[in-house]
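J.: no FASTA, just this:
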């Protein structure tokens with residue numbers, strides 16, 4: 001499919017109710033309803049139904065239960081892909097799973113690979129093994145979750161016959177204010193090194209563990225220049241990405257030709 005000239009993406013930066021799925025889905029539904037017909041993709045923060053919690057047994061759901069069905073409904077109503085991560089269980093295993101839900105209900109997913117051991121996430125959740133690339137209007141989109149941002153090899157853009165593996169790299173996050181300087185530095189770095197748009201959607205507020213989040217959701221173009229900044233308060237921004245600008249820069253500055261070759265085991 002030929003790439004659409006533009007891609008409209010909504011970044012939803014919001015506080016979350018601690019471990020209260022009903023309250024979070026109701027709150028987000030009001031915010032998302034206003035986006036109907038305005039964008040192609042809506043990005044929510046990490047663990048948007050619950051907040052970043054290790055109480056997986058209490059908060060988890062299997063696929064195609066309340067959270068997944070809610071996402072299907074909102075994707076259909078808005079006409080946009082809806083994405084964000086939630087706690088999903090498969091039998092006795094739990095995943096911090098990013099769901100990519102199309103307006104027709106077709107769903108793909110990415111399970112977070114790098115689990116934040118400083119919060120014992122690696123002892124609660126199972127690590128993802130595969131990194132899918134999602135298609136959207138001819139664009140190729142690479143999903144990542146929070147701590148993945150610190151590991152550039154995992155998000156490395158691949159090239160074949162001069163065609164990039166992806167055009168947009170995005171992160172859904174619960175990134176604490178105490179370490180926000182790393183978030184601010186690494187998001188533009190990922191854009192520069194991968195010759196792709198880089199987007200980060202973080203939450204705000206204070207969670208049930210007393211951890212403060214101050215947003216800083218933002219987007220960068222393929223040169224690492226900031227093109228959107230949501231600051232530190234609850235906010236929604238719709239960003240328009242240009243395919244022409246992206247492709248022209250990749251032709252003008254083909255740094256990918258000099259990249260080192262390697263495989264991830």
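T.: Sure thing, it's come through. Computed from a prediction, not measured in an experiment: that's the story for all the values here.

J.: alpha carbons only for contacts and neighbour counts from here, please
T.: Will do.

J.: what about the worst-scoring helix or strand of the chain on mean pLDDT, distance to the chain center?
T.: Here the helix or strand of the chain ranked lowest by mean pLDDT, DSSP states H and E is strand 159-160, holding a mean of 92. The chain centroid and the centroid of strand 159-160 are separated by 23 Å under C-alpha atoms, centre = their mean, to the nearest Å.

J.: what does it rub up against?
T.: 165, 256 (C-alpha atoms under 8 Å, 6 or more residues apart in numbering).

J.: same check, this time on stretch 47-56
T.: Contacts of stretch 47-56 (C-alpha under 8 Å, 6+ apart): 16-22, 24-25, 46, 59, 67, 84-87, 94, 96, 120-121, 124-125, 174, 207.

J.: picking that back up, give the next helix or strand downstream of the least confident helix or strand of the chain.
T.: Tracing the chain past strand 159-160, the next element assigned as helix or strand by DSSP states H and E is strand 163-164.

J.: tell me the strands beside that following strand, with direction?
T.: Strands that pair with strand 163-164, judged by DSSP bridges, come out as strand 159-160 (antiparallel).

J.: name the SS class of residue 27, please.
T.: Under DSSP: H, G, I helix; E, B strand; the rest coil, residue 27 falls in the helix class.

J.: now do the same for it: its pLDDT.
T.: Residue 27 carries a pLDDT value of 98.

J.: equivalent analysis for residue 2, please.
T.: pLDDT at residue 2 comes out at 89.

J.: return a ChimeraX selection command for the buried portion of the contacts of stretch 47-56.
T.: Restricted to buried positions by 16 or more other C-alpha atoms under 10 Å, the ChimeraX selection for these reads:
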select :16,17,18,19,21,24,25,46,59,67,84,85,86,87,94,96,121,124,125,174,207
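
J.: other SSEs contacting the longest helix along the chain?
T.: When the chain is parsed with DSSP state H, its longest helix is helix 180-194. Applying 3 or more C-alpha pairs under 8 Å, 6 or more residues apart in numbering; DSSP states H and E, we find helix 180-194 packed against strand 197-201, strand 218-220.
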